[in-house]
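A.B. asks: build me a structure from this.
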Amino acid sequence: MSPNTTAPHLPVRDGYFDFIFAGSVFTHIKDMSAAWGLELARCLSPDGLAILTITSERSLPALAKVAAADVQKAKKVPQFVVENNVDEAYLRKRGFVTLQSSPWQLAALYHTDFFIRRMSLGFECVGIIDNLKGYQTGMVLRRRD
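C.D. replies: A predicted model of the protein is given here:
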């Protein structure tokens, strides 16, 4: 289901889904991530689970490896990580950073603690899965009552 909007509203009733997988979605959301988190929590059933993937400090070793192979031919995110010395301390200090290569293409890198805090209005984190979608970090969330 794709709402084709940046506004956080999905046309379903509260608690409609038992499982939500947002793979490589929050890797492109900067300003509206907390609002989208609340909307997904609204749509999730009380016993449901959500898995949202992010690019995080846990992704950095894999990104550095990709860039080390050939930084000139590496995709933009691995290049950005290497060229800006993005490490765990960098992400922890800032919470998240973004690389916007065009008006329609944005990459967001989060520190997992920051992302958990952003999602904590609607969710509690019950697990973290490394390298779930390539180098992305899977955040396993349960709706907060």
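A.B. asks: got a list of what the most centrally placed residue in the chain touches?
C.D. replies: Residue closest to the average C-alpha location in the chain (C-alpha atoms, centre = their mean): residue 54, at 2.7 Å. If you count contacts by C-beta atoms under 8 Å, 6 or more residues apart in numbering, residue 54 has them with 26-27, 108-110, 112, 115, 136-137, 139. No exception for glycine: its C-beta is placed from N, CA and C like everyone else's.
A.B. asks: how about it, phi and psi?
C.D. replies: Torsion angles at residue 54 (phi, psi; degrees, to the nearest 10) stand at phi -140, psi 160.
A.B. asks: just the pLDDT for the closest residue to residue 39 other than its chain neighbours.
C.D. replies: Nearest residue to residue 39, sequence neighbours excluded (C-beta to C-beta, 6 or more residues apart in numbering): residue 8, at 4.0 Å. pLDDT recorded at residue 8 is 88.
A.B. asks: now residue 101
C.D. replies: Here, the pLDDT recorded for residue 101 equals 73.
A.B. asks: where does the residue nearest to the centre of the chain land on pLDDT?
C.D. replies: Per-residue pLDDT puts residue 54 at 97.
A.B. asks: one more: residue 118?
C.D. replies: pLDDT, residue 118: 96.
A.B. asks: tell me the spacing between it and residue 36.
C.D. replies: Separation of residue 118 from residue 36 (C-beta to C-beta, to the nearest Å) stands at 10 Å.
A.B. asks: now do residue 122
C.D. replies: Noted for residue 122: a distance of 10 Å to residue 36, by C-beta to C-beta.
A.B. asks: cool, residue 25 as well?
C.D. replies: 8 Å.
A.B. asks: between those two, which one's more packed in?
C.D. replies: Neighbour totals were compared for residue 25 and residue 36, and residue 36 leads with 23 against 14 (other C-beta atoms under 10 Å).
A.B. asks: secondary structure class for that one?
C.D. replies: The local conformation at residue 36, judged by DSSP: H, G, I helix; E, B strand; the rest coil, is helix.
A.B. asks: how about it: what's its closest non-neighbour residue?
C.D. replies: Nearest one to residue 36, counting by C-beta to C-beta, 6+ apart, is residue 8 at 4.6 Å.
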